[in-house]
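Trainee: Pasting the sequence and the predicted coordinates here, then a few questions.
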Amino acid sequence: MSRLYRTREERRTLWQKIVDVALTDVGVLVRGIDEDAVQNLEQLLLAADFGAPATLRIVDEIERRLRGGSVKTQDDLRRAVVREIGAILEPPREAGAMGAPHVILVVGVNGVGKTTTIGKLARAHAREGRRVLLAAGDTFRAGAIEQIRVWADRAGADFVGAEPGADAAAVAFDAVDAAEARGADVVIIDTAGRLHTQGDLMAELGKIVRVLGKRRKGAPDEVLMVLDATVGQNALAQVRTFSQAVPLTGLVLTKLDGSARGGAIVALREEHEAPVRWVGTGEGLDDLEPFDADAFARQVLG
């Protein structure tokens, strides 16, 4: 197989593949969507990293609609698939405010763009008229404290730091103290990037959550995990491990402008309760948007 052919194959959208594989059979053209077409759809979704649980949910719904007569044409099928993907991705309704300041703990593996995301989050809250404080809870990586200070300046946020090597849980505790003293509405706490296989560092995240809970009941109000949207199925293993260490409340997808890898994101949402809350769309300070499940469902198909 030539490189040119592979490139063209890779560039075909998921919907183009569905049309080519599932919807070009003569029987489908004459009689409309049938069970064979749905089975082909199942294989394509699995190949596109949707995972078994999400694939079975989508296919079961399509079969139900097929039996009910609401799926007959290509347009019917496309609308039904988009609708079910959107239903999987749709986040639950936001809970009421937990308290002031609103405490957000940000976690993730190394190299996913966590520090940049924190700056963007600060900017997003500041645009809503909230006073924000950033806390440099990554006391291990060289330069991490100064990076958060720079992002605080860029986003117009307050800053709390500590000496390199300081206890991260103590930094988080002090950040809530400072936020209350300065009248901040939101405090966003950075943590050191860590591989999901590093048990001791994962345990440290649990300690930070416990210390915050002792400082103020209900804290942290959010635990956001930053994920690189290009890693596909690897994200599943990362979220499984992090969710065992801390109560994840939401996900932030970075590098979504480069490669959506949408099937894996659908699989992730079907398996875990934490919904996608934000998506990074570029490198700029304002390149962070609330997640739109319906728009993303349409994007996944292409």
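Mentor: Thanks, I have it.
Trainee: quick one: residue 65 from residue 84, how far?
Mentor: Noted for residue 65: a distance of 9 Å to residue 84, by C-beta to C-beta, to the nearest Å. Every residue, glycine included, has its C-beta placed from N, CA and C.
Trainee: what's the answer for residue 299, then?
Mentor: Taking C-beta to C-beta as the measure, residue 299 falls 15 Å from residue 84.
Trainee: neighbour count winner among the two?
Mentor: residue 84 (20 against 16; other C-beta atoms under 10 Å).
Trainee: my read: residue 289 touches residue 278, true?
Mentor: Yes: if you go by C-beta atoms under 8 Å, residue 289 and residue 278 touch, sitting 6.9 Å apart.
Trainee: With neighbour numbers in mind, choose between these two.
Mentor: Applying other C-beta under 10 Å to residue 289 and residue 278 shows that residue 278 carries more neighbours, namely 21 against 15.
Trainee: Leaving out sequence neighbours, find the closest residue to that one.
Mentor: What sits nearest to residue 278 in space, not counting adjacent residues and going by C-beta to C-beta, 6 or more residues apart in numbering, is residue 252, at 4.5 Å.
Trainee: so who does that neighbour touch?
Mentor: 106, 117, 121, 224-227, 276-280, 288 (C-beta atoms under 8 Å, 6 or more residues apart in numbering).
Trainee: Which of the residues you listed ranks first by neighbour count?
Mentor: Among the contacts of residue 252, the one with the most neighbours (other C-beta under 10 Å) is residue 227, at 28 neighbours.
Trainee: so which strand or helix has that residue?
Mentor: Per DSSP states H and E, residue 227 falls inside strand 222-228.
Trainee: And for residue 162?
Mentor: Residue 162 belongs to no helix or strand when elements are defined using DSSP H and E.
Trainee: Checking the closest residue to it other than its chain neighbours next. Helix, strand or coil?
Mentor: Take residue 162 and drop its neighbours on the chain: the residue closest to it by C-beta to C-beta, 6+ apart is residue 171, 4.8 Å away. With DSSP: H, G, I helix; E, B strand; the rest coil as the basis, residue 171 sits in helix.
Trainee: neighbours around residue 171, how many?
Mentor: Neighbours of residue 171 using other C-beta under 10 Å come to 24.
Trainee: ok, it touching residue 160?
Mentor: Yes: counting by C-beta under 8 Å, residue 171 touches residue 160, with 7.2 Å between them.
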